[in-house]
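1. coords please:
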Amino acid sequence: MKIYNYIEQGGAIMYVLLLLNIVGVAIMLYKFFELTKEKKKTDQTATYLEKALGLSETNKHTSAIVELSKKELSSYMGKLERGLNTVKIIAAISPLIGLLGTVLGVLLAFKVMSQSGLNNPTNFAEGISLALITTVGGLIVAIPHYIGHNYLIGILDELEIKLEKKLLTKVL
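-> Numbers count the residues shown, from 1 in each chain. Just a heads-up that it's a prediction; the model follows:
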């Protein structure tokens, strides 16, 4: 069976999951390339932050400069983190959307059973099929987004540590 058939069988729930998957993967790919580029230019970024703070030999050792450095670094890292919450939200809600499809599928199966009894198991099976397909769809979307989010957060943490070391060695 082709993927399109599964999506079609899952109905509106599967189309929502497909849309979430496309958005999430696009964000993850963009962030991966953006963070990889930022990792390569850590020295340039540290120099930029030093200039933005106006660091020189005369204003070293002040706690105000250290705090200002940390705030500037935090602001810079905040800009790099944009979009990752969307990936995290997609990872969190996809199984719930799949579960919604499961409930709707079981509801449909019981509705068919209450109307026609078990004389026609094909109609009953359609509801169960919807339930299973949407559950699988939700998990298929959630798992890679969860892994991708954690991987990108790891890259961000590594980048922040490198920048903080470079910046604070300049300040102290």
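2. what's the spacing between Ile3 and Ile27?
-> Ile3 is 22 Å from Ile27, where distance means C-beta to C-beta, to the nearest Å. Using the backbone N, CA and C atoms, a C-beta is placed for each residue, glycine as well.
3. In this structure, where is pLDDT below threshold?
-> For the chain, residues meeting the criterion pLDDT under 70 lie at 1, 46, 48-65, 170-172.
4. And the helices in it?
-> Taking DSSP state H, the helices of the chain run over residues 3-10, 12-40, 42-53, 63-81, 84-116, 121-171.
5. before we move on, back to that, Ile3 and Ile27: who's more crowded?
-> Ile27 (21 against 9; other C-beta atoms under 10 Å).
6. correct me, but the more buried one touches Val87?
-> Yes. Contact status for Ile27 versus Val87: in contact at 5.5 Å, counting by C-beta atoms under 8 Å.
7. Find me whatever residue is spatially closest to Gly127, sequence neighbours aside.
-> Computed as C-beta to C-beta, 6 or more residues apart in numbering, the closest residue to Gly127 that is not its neighbour in sequence is Ala109, at 2.8 Å.
8. Lys31 versus Arg82, what's the distance?
-> 9 Å.
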